[in-house]
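[1] Model the following, please.
(4 chains)
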Number of protein chains: 2
Amino acid sequence: MTTIQDVAREAGVGVGTVSRVLSRHPRVAPATRARVERAIERLGYRPSRAARALAGGRTHTIAVVVPLLTRHYYFGLLAGIVAALADTEYLLTLRVLERPEDKVRALDDLARGGSADGVLLVRTPPTPELLDRLSGVPLALIDGAHPAVPSVGVDHTAAAATMTEHLISLGHERIALIDRVRDPFDQQVLTARRRGYRNSLERAGIRRRPEYEPHTEWSAESGAAALDTLLALPEPPTAVFAGGDTIAIGVLDRARQRGLTVPGDLSVCGYGDIELARYLALTTVHVPVADLGRRGAELLLQAIDAPPAAPIRERLPSSLVVRATCGPRRPPTQ
Amino acid sequence: MTTIQDVAREAGVGVGTVSRVLSRHPRVAPATRARVERAIERLGYRPSRAARALAGGRTHTIAVVVPLLTRHYYFGLLAGIVAALADTEYLLTLRVLERPEDKVRALDDLARGGSADGVLLVRTPPTPELLDRLSGVPLALIDGAHPAVPSVGVDHTAAAATMTEHLISLGHERIALIDRVRDPFDQQVLTARRRGYRNSLERAGIRRRPEYEPHTEWSAESGAAALDTLLALPEPPTAVFAGGDTIAIGVLDRARQRGLTVPGDLSVCGYGDIELARYLALTTVHVPVADLGRRGAELLLQAIDAPPAAPIRERLPSSLVVRATCGPRRPPTQ
DNA sequence: GCCCCCCGTGGAAGCGCTTCCATACCGCGT
DNA sequence: ACGCGGTATGGAAGCGCTTCCACGGGGGGC
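    Below is the predicted model of the structure:
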């Protein structure tokens, strides 16, 4: 293996100079720099990441922490993060906190093992305990918020409100929200979405009905089951707002199985705008996942270079995507 | 930061002993081991990954190389890989070869920068050039094959043949294959699938028609466009086999837009069995992506421990998933 | 013309670990 | 009682880099 010593010898300079060339230190004479670069080229030299990390205290790696790896959302995010990192010398390591014991292990390793220069927390609530474990490590949050940590997200309350208002403007008053209620990882987003839904109803003077907020899991099956529950009600809803496109797809499917036309008999909308939403003509909320990933990575790199002076809390715009699964409330049958 | 020195002092032993405890070396007296473990616990010590890597020559990291990050397939795979690594001390770094210049940079870094103990190549053809660049680094292949590299994959030829035979058994003879033709990254799978399709036709004595093999991109739009082309033919197909579920969804959508019933007027099937295939009742081929990921990671870890003596080329079973989008050929209209 | 300062550079120290060698000690066989 | 083999352990060397300190030399100010 070629080392920095070999390069120094080949270029006729000292190792310090080679190191300065590698790290783009400004105080190197152009001629010397060129000589060193030629030597690097000739020898096909690549610095050892391990040695750089040990000596310099910087690993040139960022850790991406995701609670799960099962949803489209995380995948889109990851693609955005990778894109942001593509032109830097940073590497990405992935940590999944699926099991509770993984969580402790991963966080401790991150904080004390020096395995990353910064941590990008994706939909991971910044609890005091977590922040404490990770103290001293540059952080950034995607789809989360904390006064002391830079973050980028989407205003889920506003997005859900917009969607609910869309349904109201179509004449619906019996609007159900099928969403998860508890999530061990990601309570913030769920709460925000539900708040948007409730706020809109209230502003429109529509009474909120607890029975219109059934609890689902994150799956199409579960969405279908929730629809069954709703339709068994004495006054079933005329519109269903699903907290995720996958859930909405289950709802759509079940509605059609039951012989309901969409949007004639029932309006259905989703949340997220996954690729397939378009092909199912699903009205939904577009969440710019790749942009979230990209921006989150950028914020983290900034935080690594210099801790932000002022709090950063960016919000990327989401948008209502009106397709064909929501329509006017059918006039009550005579 | 706590170092191995601190632990040694705290436990009243030498650094060598602590190191042996950390690396589970057998020649440590149980009492000493316990003492060291207590000291580690008390101090909350975590070894520095960088130092371990530099001194030991092992990074405890594997690199996963994927050509793209846009498809469900890679995501399922990643989940499987993460699962396989969860109970090891290995970390995962992700490298995406989307742009050609990334490829050279990533491979060189992998080979010479010592950034990973092994490389898991996902649908990345093991060209002589690539193998040469990566020589000396333990490798494993997912959905690829090479005599000198352990690999795990799916027999795409057999899978495609099974699907084609299914269509033939339903009475179809005019069967189109809508698939990609060229892929800069992943020719092997495409070729295998096409071969399975052609073989089945041949075995059934059905003439192959070049016009029944239009070229698509990997998207629903592109699948829809390909269907238009096929239906404009003097003798349009009665069944369409799409090389991916996403393509199939585009085909389904366009067929319905054109007023065709599925499977009454047209049978459609996909490949991959993505989550939504089930909710669209799409007949498809199930590809065990998570298992591929898990098994690939296991093979790589084995290769890191000891280069395999005999060639390893595992094939995981795929299966035909019959749902509701393929049906008997409609008897010719009188 | 002299001094001072600063720029460019060389090289040693040290990052925290692994590993190897040397040493101490134990217990057994004789 | 002595020696030998083997086991448990301490500690130094060294992994390849960054960084800091020291030094030489050139130019500008007086």
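[2] C-alpha from now on. contacts and neighbour counts both.
    OK.
[3] So which residues on chain A come close to chain B?
    Counting by C-alpha under 8 Å from any C-alpha of the partner chain, chain A comes close to chain B at A:1, A:45-51, A:53-54, A:59, A:69-70, A:75-76, A:79, A:82, A:86, A:91-96, A:102, A:108-109, A:112-115, A:220, A:246, A:249-250, A:253, A:279-280.
[4] which of those residues are close to DNA strand D?
    A:1, A:46, A:47, A:48, A:49, A:51, A:53, A:54 (C-alpha under 7 Å from any atom of the strand).
[5] what subset of these is also close to DNA strand C?
    Among these, the ones lying near DNA strand C by C-alpha under 7 Å from any atom of the strand are A:51, A:54.
[6] which residue does the stretch 101-250 of chain A bring closest to DNA strand C?
    Closest residue of the stretch 101-250 of chain A to DNA strand C, C-alpha to the nearest atom of the strand: residue A:113 (7.5 Å).
[7] My read is that that residue contacts residue B:47, right?
    Yes: contact status for residue A:113 versus residue B:47: in contact at 5.8 Å, counting by C-alpha atoms under 8 Å.
[8] coming back round to it: filter the residues of chain A next to chain B down to the buried ones, ChimeraX style.
    Selection of the buried residues among these in ChimeraX, burial being defined by 16 or more other C-alpha atoms under 10 Å in any protein chain shown:
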select /A:45,46,47,48,49,50,51,53,54,59,69,75,76,79,82,86,91,92,93,94,95,96,108,109,112,113,114,115,220,246,249,250,253,279,280
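[9] and the strand or helix carrying residue A:201, average pLDDT?
    Here residue A:201 sits within helix A:187-203, counting by DSSP states H and E. In this model, helix A:187-203 has an average pLDDT of 94.
[10] Which positions in the stretch 51-200 of chain A make contact with DNA strand D?
    When proximity is defined as C-alpha under 7 Å from any atom of the strand, the stretch 51-200 of chain A approaches DNA strand D at A:51, A:52, A:53, A:54, A:55, A:56.
[11] quick revisit: the residue of the stretch 101-250 of chain A closest to DNA strand C and residue B:91, how far apart?
    Remark: distance between residue A:113 and residue B:91 (C-alpha to C-alpha, to the nearest Å) = 12 Å.
[12] and what of residue A:330?
    For residue A:330, the distance to residue B:91 - C-alpha to C-alpha - is 55 Å.
[13] Same check on residue A:276?
    32 Å.
[14] What ranges in the stretch 201-334 of chain A fall below the confidence cut-off?
    Within the stretch 201-334 of chain A, the set of residues satisfying pLDDT under 70 comprises A:331-334.
[15] In it, mark out all the strands, start to finish.
    According to DSSP state E, counting those that start in this stretch, the stretch 201-334 of chain A carries its strands in the segments A:239-242, A:267-269, A:284-286, A:313-316, A:319-321.
[16] between these, which gets nearest to residue B:309?
    Ranking those by proximity to residue B:309 (C-alpha to C-alpha) places strand A:284-286 first, at 51.7 Å.
[17] What are the boundaries of the strands in the stretch 51-200 of chain A?
    A:61-66, A:91-96, A:118-122, A:139-142, A:151-154, A:175-178.
[18] And these: which comes nearest residue B:212?
    strand A:91-96 (42.5 Å).
[19] Just give the nearest non-adjacent residue to the residue of the stretch 101-250 of chain A closest to DNA strand C, would you?
    Counting by C-alpha to C-alpha, 6 or more residues apart in numbering or on different chains, residue A:113 lies nearest to residue B:48, which is 4.6 Å off, once chain neighbours are set aside.
[20] So that neighbour sits against residue A:110, correct?
    No: using C-alpha under 8 Å, residue B:48 is not in contact with residue A:110, being 10.2 Å away.
[21] Might you report the residue contacts of residue A:202?
    residue A:208 (C-alpha atoms under 8 Å, 6 or more residues apart in numbering or on different chains).
[22] Give me the below-cutoff pLDDT ranges for the stretch 1-150 of chain A.
    In the stretch 1-150 of chain A (pLDDT under 70), no residue qualifies.
[23] At the contact with DNA strand C, which residues of it appear?
    A:12-17, A:26-29, A:31-33, A:51, A:54-56.
[24] Flag every buried residue along the helix holding residue A:201.
    Those would be A:187-201, for helix A:187-203 by 16+ other C-alpha under 10 Å.
[25] biggest separation within those, which pair?
    Of all pairs in the buried residues of helix A:187-203, the most separated under C-alpha to C-alpha is A:187 and A:201 at 21.5 Å.
[26] residues touching residue A:91, list them.
    By C-alpha under 8 Å, 6+ apart, the residues touching residue A:91 are A:60, A:61, A:62, A:85, B:93, B:94, B:95.
[27] want to try JSON lines for those residues, with distance to residue B:206 as columns?
    Formatted as JSON lines, the contacts of residue A:91 follow (distance: C-alpha to C-alpha, whole Å):
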{"residue": "A:60", "distance to residue B:206": "58"}
{"residue": "A:61", "distance to residue B:206": "55"}
{"residue": "A:62", "distance to residue B:206": "55"}
{"residue": "A:85", "distance to residue B:206": "50"}
{"residue": "B:93", "distance to residue B:206": "48"}
{"residue": "B:94", "distance to residue B:206": "45"}
{"residue": "B:95", "distance to residue B:206": "44"}
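[28] Let me know the closest of these to DNA strand D.
    For the contacts of residue A:91, the nearest to DNA strand D is residue A:60 (10.3 Å; C-alpha to the nearest atom of the strand).
[29] tell me, how many neighbours does that closest one end up with?
    17 (other C-alpha atoms under 10 Å in any protein chain shown).
[30] show me what contacts it?
    Contacts for residue A:60 (C-alpha under 8 Å, 6+ apart) come out as A:53, A:89, A:90, A:91, A:116, A:117.
[31] and with 6 Å instead?
    By C-alpha atoms under 6 Å, 6 or more residues apart in numbering or on different chains, residue A:60 lies in contact with residue A:90.
[32] three-state assignment of residue A:47?
    coil (DSSP: H, G, I helix; E, B strand; the rest coil).
[33] show me what contacts it?
    Here residue A:47 is in contact with residue B:113 (criterion: C-alpha under 6 Å, 6+ apart).
[34] Report how many residues lie close to the residue in the stretch 151-300 of chain A positioned nearest to DNA strand D.
    The nearest approach of the stretch 151-300 of chain A to DNA strand D comes at residue A:300, 19.1 Å away (C-alpha to the nearest atom of the strand). By other C-alpha under 10 Å, 26 other residues sit near residue A:300.
[35] So what sits opposite the nearest residue to it once chain neighbours are set aside in the bridge?
    If the residues on either side of it in the chain are set aside, residue A:300 comes closest to residue A:140, at 5.1 Å by C-alpha to C-alpha, 6+ apart. Counting by DSSP bridges, residue A:140 is bridged to residue A:120.
[36] who are the neighbours in contact with residue A:140?
    A:120, A:150, A:151, A:300.
[37] Let me know the closest of these to residue B:235.
    Nearest to residue B:235, judged by C-alpha to C-alpha, of the contacts of residue A:140 is residue A:120 at 55.1 Å.
[38] Thank you kindly, that will do.
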